[in-house]
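*Asks:* whatever this is, show me its structure:
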Amino acid sequence: KIPNALWANLIQERLSNVDCIKQGWILEGFPENQEQAWMLQSSGIFPRHVVVRSGIKRDILNWRSVNSCSWLLTMFPVEVFHTTFDWPSDPLVQERLVKPEDLSEQEVSKKLLEYHRNFPEIFHIYQKVLKSINADQPSVDV
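*Replies:* Alright, predicted model coming up:
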């Protein structure tokens, strides 16, 4: 676990780089709790939009996370492929795909429980810029 203050400092440092200032930025999966959200704000980081994917059933989410996600290990960025929706056509790329170790059904359930526990607080902080998108539909529509 990385302390919340360290996360906020690292993110603030990265978002102050010229490319982020000129082109914008996206944070995925952060903040995870109210303390992290307050730390971002106290660091001067205010997103224009916060997007939440909602409406997806737990069993579908588990299926997508546990059984369908493969990662191509490269330097940066890490490329994510989906075995059903976004499988690479190149056989050499297919050979290099690995499944992240932390995506067991138990780990996904644990993360989901923590998300539901913390989400109302984050919702409240970002309520003026929050956008909810129905994720229980084909990925091209999401």
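*Asks:* which of the residues in the host helix or strand of Arg14 are buried?
*Replies:* Per DSSP states H and E: Arg14 is located in helix 4-15. Neighbour counts over helix 4-15 (16 or more other C-beta atoms under 10 Å) mark Asn4, Trp7, Ala8, Ile11, Leu15 as buried. The C-beta positions use only the backbone N, C-alpha and C, and glycine is treated the same way.
*Asks:* how about stretch 108-117?
*Replies:* Under the neighbour-count criterion of 16+ other C-beta under 10 Å, stretch 108-117 has Val108 buried.
*Asks:* mind saving the C-alpha coords of it as PDB?
*Replies:* Coordinates of each C-alpha in stretch 108-117 appear next as PDB, following Å, rounded to 0.1, in the frame of the first residue of the first chain:
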ATOM      1  CA  VAL A 108     -12.100  -8.500  -7.800                       C
ATOM      2  CA  SER A 109     -14.800  -9.100  -5.200                       C
ATOM      3  CA  LYS A 110     -12.700  -7.500  -2.500                       C
ATOM      4  CA  LYS A 111     -12.000  -4.400  -4.700                       C
ATOM      5  CA  LEU A 112     -15.600  -4.200  -5.600                       C
ATOM      6  CA  LEU A 113     -16.700  -4.200  -1.900                       C
ATOM      7  CA  GLU A 114     -14.200  -1.500  -1.100                       C
ATOM      8  CA  TYR A 115     -15.400   0.500  -4.100                       C
ATOM      9  CA  HIS A 116     -19.000   0.400  -2.900                       C
ATOM     10  CA  ARG A 117     -17.900   1.300   0.600                       C
END
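*Asks:* for the residue nearest to Ser42 when sequence neighbours are not counted, give its distance to Trp25.
*Replies:* Nearest residue to Ser42, sequence neighbours excluded (C-beta to C-beta, 6 or more residues apart in numbering): Ala8, at 7.7 Å. Distance of Ala8 to Trp25, given as C-beta to C-beta, to the nearest Å: 14 Å.
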